[in-house]
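*Asks:* following is a predicted model, sequence given first.
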Amino acid sequence: MASESYFFSLLGPLHLTAVDWNNEHHCRSVAASLVQGVYALERDRQQNRKGADSLAPAWWEFFHFQLVLQLRDEVDSSIFGSIFEFKPKASNCHYSIQEAPRYVIAFRGTVINPNSCIQEDLRLGFLFTINELHGTSRFKVAMEAIKNKVDVAGALNIWLAGHSLGSAMAMLAGKNMAKTGFFLQAFLFNPPFSSASIERIEDKTLRQGIRIAKSFITAGLTVAIKGHQSEDPFVVLSPWIPCLFVNPADDISSEYVGYFEHRKKMEEIGASKIEELASQNSIRNLLLGKTKSEPLHLLPSANLTINFTPSPDFVRAHGIRQWWRPDLHMHYIIRKSRRAEKRG
């Protein structure tokens with residue numbers, strides 16, 4: 001029997017009968033729904049649901065998107081992403097569609113169900129923690145699809161969206177495209193942070209002290225081991241401003257809250273250069289000799305949305321479903337690097 005989480009008619013954002021593409025809540029809800037559509041596609045594949053029995057199509061057809069391409073893992077043939085094209089009928093355009101994307105490329109996260117678990121998802125989750133996601137065949141398939149669509153439609157007409165492991169894929173792809181001068185709109189739901197979470201430590205002074213000490217240690221090791229760096233990722237990435245959506249009760253993504261707060265604190269005490277240097281490296285990679293490996297969470301700029309709506313458990317705090325609810329209690333932080341602010 002299909003899980004109710006895949007039934008759009010039960011849990012989807014049915015209140016969005018008309019989408020205003022200038023409304024942040026509407027755009028967030030659509031992006032999250034398309035990611036859920038990828039989850040549903042993979043579940044349909046597992047359960048061999050086809051045609052009228054498929055649960056996935058409702059997640060994109062409700063918003064007048066069409067499925068263009070399924071992205072499949074070369075190792076296990078699972079569906080990890082999809083490309084959707086926006087094709088509305090004139091009678092359905094209640095708002096201006098000039099801000100609507102032409103294509104949305106969405107990536108699901110790890111599939112763990114009581115009766116199924118995709119081993120390749122777990123392997124990629126481990127590779128993410130050691131900054132090796134870029135070398136996987138799944139990521140190479142994703143990058144090829146993104147580059148092809150950018151060539152066809154242009155970067156301004158494409159959205160990236162992902163949840164959990166899928167948001168790590170979208171973030172890494174977005175960073176790669178930004179380094180070549182293409183800045184794609186990105187909706188990153190519960191993106192995993194690649195180092196240990198400090199945010200859940202209750203003592204704020206202790207949290208700040210740990211982060212400051214870590215930054216100085218990492219920066220010192222970087223100078224000692226790598227010396228002067230000719231290429232500064234902060235310069236290249238600073239114009240790209242992805243949208244991050246995190247929940248403070250989610251240990252997987254909550255560290256982004258502290259990450260951007262710490263960056264601000266380091267600027268206030270005149271140590272922004274130290275923090276920039278520390279952010280580009282990790283103590284683990286430096287000690288292991290992986291001096292060319294860049295932490296995925298290196299983001300000079302971001303629009304950070306924090307969901308403070310109470311979550312009864314970790315599963316809901318980390319889930320995609322929360323992001324299309326109309327009754328969220330949220331806090332918004334726009335964080336731009338000093339270089340991005342100068343350009344703006």
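*Replies:* Now that the structure is in, tell me what you want to look at. Treat the numbers as computed from the prediction; the structure is a model and nothing was measured.
*Asks:* measure the closest residue to Glu255 other than its chain neighbours to Ala56 for me?
*Replies:* If the residues on either side of it in the chain are set aside, Glu255 comes closest to Phe193, at 3.8 Å by C-beta to C-beta, 6 or more residues apart in numbering. From N, CA and C alone the C-beta is placed, and that goes for glycine too. Phe193 sits 29 Å away from Ala56, taking C-beta to C-beta, to the nearest Å as the criterion.
*Asks:* same check, this time on Ala186
*Replies:* The gap separating Ala186 from Ala56 is 22 Å, by C-beta to C-beta.
*Asks:* neighbour count winner among these two?
*Replies:* Of the pair Ala186 and Ala56, Ala186 is the one with more neighbours under other C-beta atoms under 10 Å, namely 28 against 24.
*Asks:* for the strand or helix carrying that one, packing partners?
*Replies:* With elements delineated by DSSP states H and E, Ala186 resides in strand 185-189, which encompasses its position. Applying 3 or more C-beta pairs under 8 Å, 6 or more residues apart in numbering; DSSP states H and E, we find strand 185-189 packed against helix 24-47, strand 158-163, helix 165-178, strand 243-246.
*Asks:* which residues of the stretch 101-250 of the chain fall in strands?
*Replies:* Under the criterion DSSP state E, counting those that start in this stretch, the stretch 101-250 of the chain contains strands at 103-107, 112-113, 116-117, 158-163, 185-189, 243-246.
*Asks:* what does the first one rub up against?
*Replies:* What it means is strand 103-107. Where contact means C-beta atoms under 8 Å, 6 or more residues apart in numbering, the residues beyond strand 103-107 that reach it are 30-31, 34-35, 37-38, 65, 68, 71, 80-86, 142, 145-146, 149, 153, 157-163, 165-167, 169-170.
*Asks:* buried subset of those?
*Replies:* Buried residues within those, defined by neighbour count using 16 or more other C-beta atoms under 10 Å: 30-31, 34-35, 37-38, 65, 71, 80-86, 142, 145-146, 149, 157-163, 165-167, 169-170.
*Asks:* so which of the strands of the stretch 101-250 of the chain comes closest to Ala317?
*Replies:* With respect to Ala317, and counting by C-beta to C-beta, the nearest of those is strand 243-246 at 9.4 Å.
*Asks:* mind listing residues that contact that closest one?
*Replies:* Contacting residues not belonging to strand 243-246 are listed as 28, 185-191, 253-254, 256-257, 299, 302-307, 323 [C-beta under 8 Å, 6+ apart].
*Asks:* got the angle between the helix or strand following that strand and strand 185-189?
*Replies:* Sequence order places helix 255-268 as the next helix or strand after strand 243-246, per DSSP H and E. Comparing the axes of helix 255-268 and strand 185-189 via axes from the mean of the first three to the mean of the last three C-alpha atoms, to 10 degrees yields an angle of 120 degrees.
*Asks:* other SSEs contacting helix 255-268?
*Replies:* Packed against helix 255-268 by the contact rule (3+ C-beta pairs under 8 Å, 6+ apart) you find helix 204-226, strand 243-246, helix 272-279, strand 302-307, strand 330-335.
*Asks:* angle of it against strand 330-335?
*Replies:* What separates the directions of helix 255-268 and strand 330-335 is an angle of 40 degrees, with the same axes, to 10 degrees.
*Asks:* for Phe63, see how far away Leu244 is.
*Replies:* If you measure Leu244 against Phe63 using C-beta to C-beta, the figure is 22 Å.
*Asks:* between the two, tell me which one has more neighbours.
*Replies:* Leu244 (27 against 24).
*Asks:* partners of that one in the sheet?
*Replies:* Beta bridges link Leu244 to Leu188, Leu304 when assigned by DSSP bridges.
*Asks:* got the CA coordinates for the helix or strand where Arg316 lies in PDB?
*Replies:* According to DSSP H and E, Arg316 maps onto helix 314-318. Coordinates of the C-alpha atoms in helix 314-318 are reproduced here as PDB (Å, rounded to 0.1, in the frame of the first residue of the first chain):
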ATOM      1  CA  PHE A 314      13.500  15.100  14.000                       C
ATOM      2  CA  VAL A 315      11.700  13.400  11.000                       C
ATOM      3  CA  ARG A 316       9.400  16.400  10.500                       C
ATOM      4  CA  ALA A 317      12.100  18.900  11.200                       C
ATOM      5  CA  HIS A 318      14.200  17.400   8.400                       C
END
